[in-house]
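Peer 1: here is a sequence together with a model predicted from it:
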Amino acid sequence: MVELIWLVPALPLLGFFLLLLIGHKVGEPGSGWIATIAAGGSFLATLAVFVGLLGRDGHAGDRSYEFILFEWLPAGSLKVEAGFLVDPLSITMALFVTGVGSLIHLYSIGYMHGDPKFSKFFLYLNLFLFSMLMLVFGNNLVVTFLGWEGVGACSYFLISFWHQRESAARAGKKAFVTNRVGDWGFMIATFAIWSALGTVTYTEISNSPAMSAATGTAVSLLLFVAAAGKSAQLPLYVWLPDAMEGPTPVSAMVHAATMVTSGVYLLVRMNSVLTDDALLVIAVVGAATALFAALCAVAQHDIKKVLAYSTVSQLGYMFLAIGSGAYVAAIFHVITHAFFKALLFLGSGSVIHGMHDEQDMRKMGALRAVMPITAGTFIVGWLAIAGVPPFAGFWSKDEILLAAWEQKNIGPLLWFVGLVTALLTAYYMSRQVILVFFGKQNWEEDVHPHESSWTMTTPLCLLAGAAVVGGAINLPLVKDWLVLEHFLEPIFHHPHHFSSGTATKIALAVISVVAGLIGISIAILSWLTRRIPTDRLEPEFLENAMYVDATYARVVGGTGTSAFQKTADFDSSVVDGSVNGLGRLIMKFGQLIQPTQSGYMRNYAIGIAVGALAIIALLAWGLLL
Amino acid sequence: MEITTGWYLVLGAMLFVIGGTGLLIRRNPLVMLMCVELMLNGVNLSFVAMAQQLDDIGGQTVVFFVLVVAAAEVVVGLGLVVAILRRQPGATADDLSALKG
Amino acid sequence: MGSLQLVGFVGPSVNWWALLPQIILLGAALAVLLVSALAPQRASTVFTTVTTLCAALTSFVVALGLWSDVKADGPSSSIASAFGVDGFSIFFTVLILIGLATTALLSHGYLDREEMDPPEFHALLLCSAAGAIVMASANDLIVMFLGLEALSIGIYVMIAMHHRRSEARESAIKYFVLGAFSSAFLLYGIALTYGATGSTNLVHIRSYLDAVVFQDQHLLMAAMALLLVGLSFKVAAAPFHFWAPDVYQGAPSPVTGWMASIAKAAGFAALLRIFFAAFASHDVDWAPIVGALAVITLVIGSVMAILQTDIKRMLAFSSVSHAGYVLVAVHSASATGTSAALFYLFTYTLMVLGSFAIVGAMGPDDEHPLSRYTGLGRSRPVIAIGFTVLLLAQAGIPTTSGFIAKFQVIAAAVESESYFIAGVSMVTAVIGAFMYLRIVMAMYVVDEGEEGPRPIWHWTTSVVVLAAVGFTIIVGLVPQFLIEFARDAVPVLVRG
Amino acid sequence: MVDTVVFILAAAICLTGALGVILARNPVHSALMLVMTLFGIAVQFVALEAHFLAAVQVIVYAGAIVVLFLFVIMLLGVDRAQNLELSVLPVQKWAALVFAAGSLAILALLVMVVKEPVTGAEAIGGSATGDENVRLLARSLFSDYVYAFELTSLLLVIAVIGAVVLARKPKNVVGVAPEPGNEA
Amino acid sequence: MMQLLTAQSVASFPVLNALIIVPVVGALVVVLLPNSRPELMRPVGAIFAAIAGAFSLYVMAEFSVQDPGFQLQSIQSWIPSLGINWHVGVDGISLWLVVLTGLITPIVLIAVDPHHDPKPYTAWLLLLQAGSFGAFLALDLFLFFVMFEIVLVPMYMLIGGWGYDDRRYAATKFFLYTMAGSALMLVAIISVATLSSGGQDITFNVIELAQRQALSTNTARLCFLAFVLAFVIKVPVVPVHTWLPDAHTQAPTAGSVVLAAVMLKLGTYGLLRFGLYLFPEASVWAAPTLATLGVIGVIYGAIVATMQKDLKRLVAYSSVAHMGFIVLGIFAFTTQSLEGGVLQMINHGLSTGALFLMVGMLYERRKTRAISELSGIQSAAPIFAGFFTVAMLSSIGVPGLNGFVGEFLVLIGSYETRRWWTVIAATGVILAALYLLWAYQRVFHGEPTADDEKTADLSLKEGLVLTPFLVGIVFLGVYPKPLLERIEPAVNNLISHLEDHSDYVQPDPGAPVVVERDHGSKDDH
């Protein structure tokens, strides 16, 4: 069954081509269904592969299957194949990618109802899914990079889907270009690995001897640059909040569940080359991102912006996990986050849909009555992200905080940052839930919110279920229940083991739960019961995301643009000018000697007479010498 | 003081230079032609002096041809001058400078 | 007593065959004159043109016969070694005859249009051609001088024959005065050469210089310098070129073509014969000077050319820079260089004749502004493409003879390790190309709907242009025959 | 001694005449000064034992060419004095000065440096001296230089045609009417 | 001329000669067509161009994958007294350029309507094709120079005759600039041939000269520089690139396409064939400088492209950037970088060619190329925008499309020998995204104005014309192996030639020789 792997990306690709050829003829909702079936089929194929993989012996290293399609870039000693690597990591990723992806496809049929470019949307979605699967399944860095850039391009298409809005067009471009900074790191890292190890294939990389420390750290950091670009870490996170210009299913799928986690995937995939120095940097940046984004999320008014900053923050968590060496925890959080964040985004989409494209939370409130399913599922998502046991988010977040605590150098500090983030997360999510679904009705009279269609609510329900029980895949209660950890174990070079005693673990877990509850309490006190005045809780400084983006814009738009313009001016005035100047110089020289051609024959005779004199003098001079 | 060939050559050269200088400084086309004659005569003198020195009659023969050339040049030159001055009376060499640049 | 001695006098042997081309030309000249003088009404243009063409053709056939003789028996000289019969002289004879026929054809429509006298013109043209042949064949400096004068004086008169234009007279008197001036220098050079070597005969000079090591070279140096001045003037090398643009502009177009091609070629023939053949042993002395002249000529020719607005002046300066290229070849003082120079002159002659054919046909011969050519590519595509080929050939673009010619010149310069000069000549080629491109641009770059000029086109001009363009392209593609011709035509000095 | 005196006198005549040619205001005077130079040169020819050439010099040059000059001067009526202010052209004066000074400098240099100006090459055309100057000349003319001699005929033919063509009053040009080109 | 076709190679059909001759014959036929039938010109020309294209495919089919040397050679004596032969042959480096030339010209002939004077237009394009073939196939320095120069004339005529407002300036600049570059090359060509002769007969045979390596180090370096000057101008490499934007912008669409797709490659091809092959030592000596210029081109071209106001000019500057990658690849001397460089020549031809075609189509519709005057085209012409997007993404270097393959190979190969150059050059991929997407955003995104609304979408014919480009873009992006495996033997051959004649040694990636390599003279070459 593992051999069916080719079917997994092939189905979305097929869907893409079908839609490309006949999409505009099929129209709505047929093209949506084509895409959804392709995605669903892909999910089923993944399941089949998964089952096949499970059938193999996990400990004998059999759970790694390479499927080579053809030689892609054979150049001398460089052999890059278009091949898939099926192993626990990739199949895990693929399962939730196709699973969540399929649900979002389904959801989009409802959400995109009536859009003039309905079929094109699904075309992009399928292409995205294909790229994401290439990213996940690629058996070497270059194929992963293909997917990596592919998802980037699709993300660009999807963010700027409503390109008539200038903000959407700009956001798409911003996402792509920022991602490209990360891609630069990816490419250099690939080069360095090839240069050092002579291969770009994952299995060979992990079997290779270690690179020198400097190279290893450089490669690790370059990979992290790549991951930071894709996964919106400091300082490259700026594109993600803007990416909310895209349709909400896109935000759910691309910018919450799947694409943004590919940075995590990459680092986990490359765990064998990551050095301790680099991991420390990753942990610090991850923690900083988590805290920073959580702070920003506190003061957002746009329902999707809150979720966007939340995503950045959660991604920071994942990197904190990686930096702490807890790769399983990172993947675990990737999965649970995919569930609850997709759920939250789709829920917010449902709200926006129901509110007729209103995104400002201040104009909502008390929607639980009119949108019961949306509200219910949203609340599940909220509890999951807030780290309330036994929802999925609790388990994964707990594991990350534990890993941070155990970090060798600055563990407690990282843990504390994580804890504060957890508190903030609980707070701002609670604030959002209250503002949207509770409290008093703040929307205009002429707005008539309504519950969404079944294509939208079905995914919500399924995801809500996953958000509730998702934690089950890696329950730390009993050793045998750590399904995910055992499953993933073969891919790790240095398997991570928690060293803390059970008491410490429980203490840390309790503290984090308490922190979460404090956050929720503050939110209830301030936003629901209004015991705490709310006017100080949304500082402008945080609402504007600490002006980081504005500073970027000023540097890029101001200094950068003017520097570019100066270069362009330099090109036309100096570089081209010197060419034209040379021409003019020759002309000038001509004009200088032109008076010799005066028309007076006696003048001309000078030429003869003095020329003769000069020649004689030259020859005589030569003789005298 | 013995008069060697060198003296004749110097005289010839001086005539040549005077003729050349004259052509440079005079505007009257007729005088310019005369200056050319001066130059040719300087050359002739050199020829003959060298023929004497070399004890070779060839140098003297050449002077004949120079004479013919000079005559032919003068004829055509004067013809040109006549043709020009008939249409532009009083024109000097400097007045004939429409073509330039 | 004297009579006794005269009885014993035996004149030098004469190779009449070798003289026949000149004799035919002179005979034709006299025939044209006599018929026109004696005939009841003025001889028609057709008659004069046909006579000239026949003379050229007959001479051509004779020259070809001579060529096979020389190939078979080797070079010789005639009339007391005064007249060389070698590949070189026949090469130039052929070239001059081609130029003669071409100029005759070009003048055919032109003379009537511009109201000039055909018989006198053709007689002078024939005499001038004979002078050119003499110049190219002369093995004696004084003979060469006489040939040069015959060539030049004929040209002075032909220029001034264009009665209607004061510019024609101006250019005639300019050419005349400066020509006489430079002739004096040349003659002085001959005198000093005579003094230094004891003869005016090149064969003798060569053997004398080969045999004798001078203690005191001053006289010879001065002689070479003055000879160089006189001949540089004829070939319009800077700084002796000033006359060329003015004279070319003022002269009737066929005469300009004649001057730019044949007068220049004959000048170079003399230059090569004297310096390459006779002064071969002193090439270390003269070659640098020629090189310097070449550089100055190339630079001035190309730089001044791009400033011009009158086509004839453009082509005049371009002809100056072409003289520079030939000088580069001469500078290398080698057989390769000489054959490169010969090849260059041959191809250049055809190019420049074709170009002036078009210029002459484009309209009244007063001024030739560039604007006259605007849109020619649309109104007369065939002429325009022909002109383009000729111009690009002059710019040295490949698949034209001009490129092969430049290639050989550069090869000669490289062979003599004159890399600087080779570089300069290529750079100035680029500068010069700007000027050719301006003309091409004028012909082709027109705004939509704009109509080009429709000049009256005499069929003789078409023949000339077609022949010139065809030759230019054929030589550009398969130059081997001409290269061999030029290689066989390196001058050889032989006694008797 | 006599040689020296003759040379110096003749040279003085030559140079005076030459300077006269280029400095006389009136072209007629120039022509007459030219005669003086030509005469001086004829004297030098005699001194150099080129008797025949001396005669020809006087007859052809002084007798024919200069007369031709005078003839034209009279014909055209250009025998007016000319402003001798050296130049209306800016650099001309200096260039002429450079030429004259430079040439003379080189000449002086050569006089100082050169011991024997003429080579000891053997006579090609036969001895130049002796009392049979004319005979020798004739022999030379009709042997070594016969080709050149014949060529002079070509030259003279051209000169004749030229003179005829140039002097002829063109059909369509009336008198001294201004040229179309000059009006512009 | 006839002997070229008939002599010697009777045994096998002299297809390379046919490649050059067929378009020339086509041009003559077009010229002889009656003026009264202007509609015939382009179809007839396209047929001849297509026949030549078919021949180029035949060459591809005949090409032996394993043979690293020159194949299908044909030698005819041409100018024996100068040692010049008509000598053509094809190897892995030139093969695909020949195919590209063969295919682009008929497409362009079909695609672009000159609006006036179709006869000369068609004839010039055919001559351009013939000259380009000749330049890519020539194995005789003289023949190469002839072809290298002669292609200037048709392009000059195309720009001058069918270009836009500033065509006089652009055409002249193009011609003179490139001519100036090749001026010294001619001197160098002759010098190489003369100085290499060493008593033997002079020859211009490239293979022979490369084997002789008879020049002293300094002479070879000087000659190399003269060659390089010609080629870097043609490429063009910063700072001698400024003819390109003008020529591209003012040229008619067909001219721009051929200029970008074919003619620029003459420069990079020349660097490979004549720079590296003839002067291995000098190439190694000059490599750091030239690689630096290449990298500067990548960054500088991108920066300047970003600020362009004219869409066509922007694409032209993007060419400067892309060609910089190729130059870097060439002077990194590794199998990958060279293969990538050669492949990138093709890729650039396809993607930039397609972009120019589409900018031309846009101009046909809107009569403007100013970015500021266009907006929201995607709404009005979605298919057009889609095609444009693919070409743009290829140009940006998105994997799965051809642009990536070339760039990636160049960079990964260059990383071995020119580490820091590569790191900097790779930032070019960021800038490429920046300028192209920004331009795309301004032109295609946004609200269309009334004029933009009326912009027609692609016609069927235009779509068919663009399809080959897109197919090529995708195919080469997905499966470049057929090209790479034919390029590789030739490239390896070239590298071993370099290794034989200089102290350069190609590093072996992955070999545990890190320490050894560090004190080696890797970066000193």
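Peer 2: Now that the structure is in, tell me what you want to look at.
Peer 1: rest of the way, CA atoms for contacts and neighbours
Peer 2: Noted.
Peer 1: which parts of chain E are strands?
Peer 2: Ranges of strands in chain E, per DSSP state E, are E:71-79, E:84-90.
Peer 1: going by neighbour count, which residues in the last one are buried?
Peer 2: Buried residues in strand E:84-90, counting neighbours by 16 or more other CA atoms under 10 Å in any protein chain shown, are found at E:84-90.
Peer 1: now that strand: mean pLDDT?
Peer 2: Averaged over strand E:84-90, pLDDT sits at 93.
Peer 1: can it be found next to chain C?
Peer 2: No. Taking CA under 8 Å from any CA of the partner chain as the criterion, strand E:84-90 and chain C are apart, separated by no less than 10.0 Å.
Peer 1: work out for me the element A:L517 sits within.
Peer 2: A:L517 belongs to helix A:502-523 when assigned by DSSP states H and E.
Peer 1: buried stuff in that helix?
Peer 2: Using 16+ other CA under 10 Å as the test for burial, helix A:502-523 gives A:505, A:508-509, A:512-523.
Peer 1: same question, stretch E:107-119
Peer 2: Buried residues in stretch E:107-119, defined by neighbour count with 16+ other CA under 10 Å: E:107-112, E:114, E:118-119.
Peer 1: identify, from the residues you listed, the entry nearest to chain D.
Peer 2: Chain D has its nearest neighbour among these in E:K119, at 42.5 Å by CA to the nearest CA.
Peer 1: which other residues reach the host helix or strand of C:A28?
Peer 2: If you go by DSSP H and E, C:A28 is part of helix C:16-38. With contacts defined as CA atoms under 8 Å, 6 or more residues apart in numbering or on different chains, helix C:16-38 is touched by C:42-43, C:48, C:51-52, C:55-56, C:58-60, C:62-63, C:66, C:78, C:85, C:119-120, C:122-124, C:126-127, C:129-130, C:133-134, D:154.
Peer 1: tell me the residue of chain A that sits nearest chain E?
Peer 2: Nearest residue of chain A to chain E (CA to the nearest CA) works out as A:G198 at 3.4 Å.
Peer 1: can you tell me how far the closest residue to chain D within chain E sits from C:V430?
Peer 2: Going by CA to the nearest CA, chain D is nearest to E:R168 of chain E, at 32.5 Å. E:R168 sits 17 Å away from C:V430, going by CA to CA, to the nearest Å.
Peer 1: for C:W67, same thing?
Peer 2: 38 Å.
Peer 1: A:R531 - nearest residue in space that isn't next to it in sequence?
Peer 2: The shortest distance from A:R531 to any residue other than its chain neighbours is 5.1 Å, reached at A:L525 (CA to CA, 6 or more residues apart in numbering or on different chains).
Peer 1: list the contacts of residue 78.
Peer 2: You didn't say which chain, so I picked chain A. A:L78 makes contacts with A:198-199, E:336, as judged by CA under 8 Å, 6+ apart.
Peer 1: right idea, wrong chain: chain E
Peer 2: Each residue near E:W78 by CA under 8 Å, 6+ apart is listed here: C:478, C:480, E:84-86.
Peer 1: then C:A361?
Peer 2: For C:A361, the contact set (CA under 8 Å, 6+ apart) comprises C:110, C:455-458, C:461.
Peer 1: just the ones of those residues in helices?
Peer 2: Judged by DSSP state H, the subset of the contacts of C:A361 located in helices is C:110, C:461.
Peer 1: kindly write the ChimeraX command that selects the buried subset of the contacts of C:A361.
Peer 2: Buried residues among the contacts of C:A361 (16+ other CA under 10 Å), as a ChimeraX selection:
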select /C:110,455,461
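Peer 1: widest-spaced pair of the contacts of C:A361?
Peer 2: C:Y110 and C:P455 (12.8 Å; CA to CA).
Peer 1: verify the stated contact: E:L126 with E:L28.
Peer 2: No. Assessed by CA atoms under 8 Å, E:L126 is found out of contact with E:L28, at 9.4 Å.
Peer 1: between the two, which one's more packed in?
Peer 2: Neighbours were counted for E:L126 and for E:L28 using other CA atoms under 10 Å in any protein chain shown; E:L126 has more, 30 against 15.
Peer 1: so what's that one closest to, chain neighbours aside?
Peer 2: E:P23 (5.1 Å).
Peer 1: I'd say the one you found and E:A52 touch.
Peer 2: Yes. Between E:P23 and E:A52 there is a contact under CA under 8 Å: 6.6 Å.
Peer 1: how about residue 107, what does it touch?
Peer 2: Let's take chain A. Counting by CA under 8 Å, 6+ apart, A:Y107 makes contact with A:249, A:346, A:455-459.
Peer 1: wait, I meant chain E there
Peer 2: Counting by CA under 8 Å, 6+ apart, E:I107 touches E:46, E:465.
Peer 1: retrieve the pLDDT associated with it.
Peer 2: Listed pLDDT for E:I107 reads 92.
Peer 1: that older thread, also near chain D: which of the buried residues of strand E:84-90, exactly?
Peer 2: Counting by CA under 8 Å from any CA, no member of these is near chain D.
Peer 1: distance to chain B added to those residues, as JSON lines?
Peer 2: JSON lines is the format used below for the buried residues of strand E:84-90 (distance: CA to the nearest CA, whole Å):
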{"residue": "E:I84", "distance to chain B": "43"}
{"residue": "E:N85", "distance to chain B": "45"}
{"residue": "E:W86", "distance to chain B": "45"}
{"residue": "E:H87", "distance to chain B": "47"}
{"residue": "E:V88", "distance to chain B": "48"}
{"residue": "E:G89", "distance to chain B": "51"}
{"residue": "E:V90", "distance to chain B": "52"}
